[in-house]
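J.: A structural model of the following input is requested.
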Amino acid sequence: MWKTALFLLLTIIVIPFFAFRFNEPLTPLQMGILRDLVTIYIIAAGACFLVSLVTENYSQVDKLWSLIPIAYVWIVTIRVDLEPRILLMAFVVTIWGVRLTYNFNRRGGYSFRFWTGEEDYRWSVLRSKPEFSARWKWQLFNLVFISYYQMGLILLFTLPALKSVNGAPLGWFDWLITGLFLFFVITETIADQQQWKFHKEKSRLQEEGIELPDQYQKGFVDSGLWGVVRHPNYASEQAIWIVFYLFSVAATGQWLNWSIMGAVLLVLLFWGSSNFSEGISASKYPDYADYKRRVARFVPIRLWSRNE
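T.: Numbers count the residues shown, from 1 in each chain. From the prediction side, this is the model:
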């Protein structure tokens, strides 16, 4: 995991450096907005670190993952006097954020005592590894990767809103992008609901002492969208922010601009995160190895090849 974390940290330094260096400079308005957003990022990431340090609940960033992008994009929207394209971007991000917040909340992620709530199971697994046996090593990882890296990534994948400021007039391509964005919000919603129903029913059967039917005995969901790809929720989340980047293409006419860096880094993060979570699943569920052989990770290329 250290190697993955170091690689991701390197990318979040190198990719933004080259992205900003080889693209047109920000306007004074964009630079002023960016300074405000970076200030919020630094404060929010520091707060996540301090709260996790005191409470030993390391899912503080998770609580903000679906909320702070809404704030970032609305700040840009207000600063540019509700420019139509940026306003549209703010609305679709709000839809995404409300939906994801609801899903996180029903899984126990939030509490009236905001510093509590269910912690991502992967953090406890990671903390138990020998390389994190020294407390200072884990807290360094918490500071640099969990808090500042992840919060920095959230800021980066919302920056197409900043790049789109004072762009071309709103057009048909923007509405196509909006449709694609909402389509992937829907697929993520369906994937989360399928997983939720599976685990709720499995827990109910176990609590009532009822013998588990075959589909529950394997321990993980592999039907519905989960039979198409192994991580339909992750795949949808990546697609959402790749599509969000396209708003900056519509605004600038540039298919490649610096605001793509957030989407690129998000894809890299999900690749590493899925590797880690699949390692845990394979150790818990004997049938998971066969599932990996049958079903593709994010893009259903194996399904397509079977149907040819």
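J.: Name the SS class of the residue lying closest to Tyr291 once chain neighbours are set aside, please.
T.: Nearest non-adjacent residue to Tyr291, counting by CB to CB, 6 or more residues apart in numbering: Asp222, 5.4 Å away. For every residue, glycine as well, the C-beta is placed using N, CA and C. The three-state assignment at Asp222 reads coil, by DSSP: H, G, I helix; E, B strand; the rest coil.
J.: What are the phi and psi values at Asp222?
T.: With angles defined as degrees, to the nearest 10, Asp222 sits at phi -140, psi 20.
J.: Burial check on it, number of neighbours?
T.: 17 (other CB atoms under 10 Å).
J.: Return the distance of it relative to Ser164.
T.: Using CB to CB, to the nearest Å, Asp222 is found at 39 Å from Ser164.
J.: Likewise for Ile210?
T.: For Ile210 relative to Ser164 (CB to CB), the value is 53 Å.
J.: what does Gly224 give?
T.: Gly224 is 35 Å from Ser164, where distance means CB to CB.
J.: ok, those two, which is more surrounded?
T.: When neighbours are counted by other CB under 10 Å, Gly224 and Ser164 differ, and Ser164 comes out ahead with 28 against 15.
J.: who's in contact with that one?
T.: Contacts for Ser164 (CB atoms under 8 Å, 6 or more residues apart in numbering) come out as Arg85, Ile86, Met89, Phe247, Ser248, Ala250, Ala251, Thr252.
J.: Kindly recompute the last result at 7 Å.
T.: By CB atoms under 7 Å, 6 or more residues apart in numbering, Ser164 lies in contact with Arg85, Ile86, Met89, Phe247, Ser248, Ala251.
J.: what's the longest helix anywhere in the chain packed up against?
T.: Secondary structure of the chain per DSSP state H: the longest helix is helix 172-207. Applying 3 or more CB pairs under 7 Å, 6 or more residues apart in numbering; DSSP states H and E, one finds that helix 172-207 contacts helix 84-106, helix 232-252.
J.: The helix or strand following the shortest one to helix 232-252, inter-axis angle?
T.: Going back to what we said before, that points to helix 232-252. Per DSSP states H and E, helix 232-252 leads on to helix 261-284 as the next helix or strand towards the C-terminus. Interaxial angle of helix 261-284 relative to helix 232-252 (axes from the mean of the first three to the mean of the last three CA atoms, to 10 degrees): 170 degrees.
J.: need the next SSE after helix 261-284, C-terminal direction.
T.: Next helix or strand after helix 261-284 toward the C-terminus (DSSP H and E): helix 288-294.
J.: Alpha carbons of that following helix, as CSV, please.
T.: What follows is helix 288-294, C-alpha atoms only, in CSV (Å, rounded to 0.1, in the frame of the first residue of the first chain):
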residue,chain,number,x,y,z
TYR,A,288,-14.3,-14.0,-5.4
ALA,A,289,-11.4,-15.3,-7.5
ASP,A,290,-13.8,-16.9,-10.0
TYR,A,291,-15.8,-13.6,-10.0
LYS,A,292,-12.7,-11.7,-10.9
ARG,A,293,-12.0,-14.1,-13.8
ARG,A,294,-15.6,-13.8,-15.2
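J.: average pLDDT for it?
T.: Per-residue pLDDT values over helix 288-294 give a mean of 91.
J.: if you average pLDDT over the helix or strand hosting Arg35, what comes out?
T.: Counting by DSSP H and E, the element that carries Arg35 is helix 28-55. Average pLDDT, helix 28-55: 95.
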